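**Student:** Attaching a predicted model along with its sequence, questions to come.
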Amino acid sequence: MLLLACLFVGIGLVTAQTQTITGVVISEEDGQPVIGASVLVKGTQLGTITGVDGDFTLPNVPSSAKTLQISYIGMQTQEVAIKPQMKIVMKSD
């Protein structure tokens, strides 16, 4: 019984060390979604690109990660603090 209890506690600790980040990237100029923007967890190899609605999902982001780096051709690269739900507004370069 004690072994089973330790197993459940261990599983809880392992799963609590990652998070899923979702958000949307839009243009400041016209408020339209930015399709194909690069979203990267700074200091890692984790990243994705935005879809046709400007949305993105990053699963299994380490809890120690603090910053996202968002870039797109013709727009200023931005670094923003990580939150579970994000709305990023990009400015023209």
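**Tutor:** Yep, that arrived.
**Student:** only C-alpha atoms for contact and neighbour calcs from this point on.
**Tutor:** Fine.
**Student:** Of all residues in the chain, which one is nearest the centre?
**Tutor:** Per Cα atoms, centre = their mean, the C-alpha nearest to the average position across the chain is that of Ile21, at 4.2 Å.
**Student:** Any idea what it is bridged to?
**Tutor:** Going by DSSP bridges, Ile21 is paired in beta bridges with Leu58.
**Student:** Just to check, it is in contact with Ala81?
**Tutor:** No - using Cα atoms under 8 Å, Ile21 makes no contact with Ala81, being 11.3 Å away.
**Student:** Next one: Ile21 from Pro84, what distance?
**Tutor:** Distance of Ile21 to Pro84, given as Cα to Cα, to the nearest Å: 5 Å.
**Student:** same check, this time on Asp53
**Tutor:** 18 Å.
**Student:** Which one's more surrounded, the two?
**Tutor:** Using other Cα atoms under 10 Å as the criterion, Asp53 and Pro84 rank with Asp53 on top: 14 against 11.
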